[in-house]
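J.: Any chance you can model this:
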Amino acid sequence: MNDFNRMMAKEMIKMGCKPKIIHGNVIGNVSPDIEWTKWLSYEPEFEKKRIEYFDTKKVSELSYEELEEASRYSRNKIFAKLFKLYENGECSEEDYMKVYDYMCNESINKLMLSKLTSEELQYAKQEITRLSKISKEELNAKVKEEQKPENYEKLSMVDSYILHIISNINYAQSMTDLNKKIAVQLEQNEIMLQRSLYYALQPYTRK
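T.: Have a look, this model is predicted:
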């Protein structure tokens, strides 16, 4: 994490300013804080059963691995609440920095994968493969439509994961196209410059 960025975020909070300082891939994707809120709040059935299991056990009865797992579920619940407060600008200074640090140090991809079943992941893999082969125009249109807040909210978790991945693919394709256009433009500018220099020197070369 960039210490300067963290320092700036902390200073802004102290001054009473609470903007949404986002860490992550904002360009070409759903805002990271919105994704974090959705995924941290989601409890798949297998996770609910594990939480119920832990609720019936004493701490002394759990193995080290189970304690870590239970702690992770508890932490997810805490941060799900903090992210909602963060989105509404209702965080305390301390909680605001907790959310900021969380976004900087945790992996949204890792969280997504931990929440999906093997069947969902298999479906996602097939769908991502299919979508990566459609035209750039179709992919871009799909991404833009599903990224709209009212549509993203309705997406299933597996479809939200698929959107996350294809948004990155779409962004990469857009950047590749942009870089090609810039390269062509630079080449054309270089040619025009050389021609201008050539014609500018003609009167002198004729003497």
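
J.: how near is Glu68 to Glu43?
T.: Using CB to CB, to the nearest Å, one gets 18 Å for the distance from Glu68 to Glu43. The C-beta positions use only the backbone N, C-alpha and C, and glycine is treated the same way.

J.: Which of the two has more residues huddled nearby?
T.: With neighbours defined as other CB atoms under 10 Å, Glu68 and Glu43 compare such that Glu43 has more, 16 against 10.

J.: quick one: contacts for the residue nearest to that one when sequence neighbours are not counted?
T.: By the measure of CB to CB, 6 or more residues apart in numbering, the closest residue to Glu43 outside its immediate chain neighbours is Ile51, 7.3 Å from it. For Ile51, the contacting residues are Glu43, Ala70, Tyr73, by CB atoms under 8 Å, 6 or more residues apart in numbering.

J.: And the helices in the chain?
T.: With DSSP state H applied, the chain shows helices at 3-14, 32-41, 45-55, 64-87, 93-105, 108-115, 118-131, 136-147, 149-152, 157-206, listed in chain order.

J.: And the average pLDDT for the last one is what?
T.: Within the predicted structure, the mean pLDDT of helix 157-206 is 70.

J.: Okay, now the unreliable bits of this protein?
T.: Across the chain, the ranges flagged by pLDDT under 70 are 1-4, 12, 14-29, 174-207.

J.: cutoff 90 now
T.: Within the chain, the segments meeting pLDDT under 90 span 1-33, 86-94, 96-97, 100-101, 103-104, 132, 136, 149, 168-207.

J.: Provide the count of other residues in contact range of the nearest residue to Ala80 once chain neighbours are set aside.
T.: By the measure of CB to CB, 6+ apart, the closest residue to Ala80 outside its immediate chain neighbours is Leu40, 3.9 Å from it. Residues lying near Leu40 (other CB under 10 Å) number 23.
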